[in-house]
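Engineer: this is the structure alone, sequence omitted:
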């Protein structure tokens, strides 16, 4: 579940970077991805 969300958001972020999206959008996606990754590691490492 969480790993699927991470993959989806990572793909969306990559697409945004490649297409030259506005910095604010790329930054927002990056922050959201970081939060999901942190949540994933927190769940896995318990």
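Structural biologist: It's in. Because the structure is a prediction, the values reported are computed rather than measured.

Engineer: CA atoms for contacts and neighbours, from now on please.
Structural biologist: Noted.

Engineer: what helix or strand is residue 34 located in?
Structural biologist: Residue 34 belongs to helix 23-44 when assigned by DSSP states H and E.

Engineer: list the contacts for residue 12?
Structural biologist: residue 29 (C-alpha atoms under 8 Å, 6 or more residues apart in numbering).

Engineer: centroid residue for the chain?
Structural biologist: residue 33 (2.3 Å; C-alpha atoms, centre = their mean).

Engineer: my guess is it contacts residue 7. True?
Structural biologist: No - at 9.1 Å, residue 33 and residue 7 do not qualify as touching, with contact defined as C-alpha atoms under 8 Å.

Engineer: and the nearest residue to residue 30 once chain neighbours are set aside, what element?
Structural biologist: Of all residues not flanking residue 30 in the chain, residue 13 sits nearest, at 6.8 Å (C-alpha to C-alpha, 6 or more residues apart in numbering). According to DSSP H and E, residue 13 maps onto helix 2-19.

Engineer: so for that helix, what gets flagged as buried?
Structural biologist: Neighbour counts over helix 2-19 (16 or more other C-alpha atoms under 10 Å) mark 6, 9-10, 12-13, 16 as buried.

Engineer: that helix vs helix 23-44, what angle?
Structural biologist: 160 degrees (axes from the mean of the first three to the mean of the last three C-alpha atoms, to 10 degrees).
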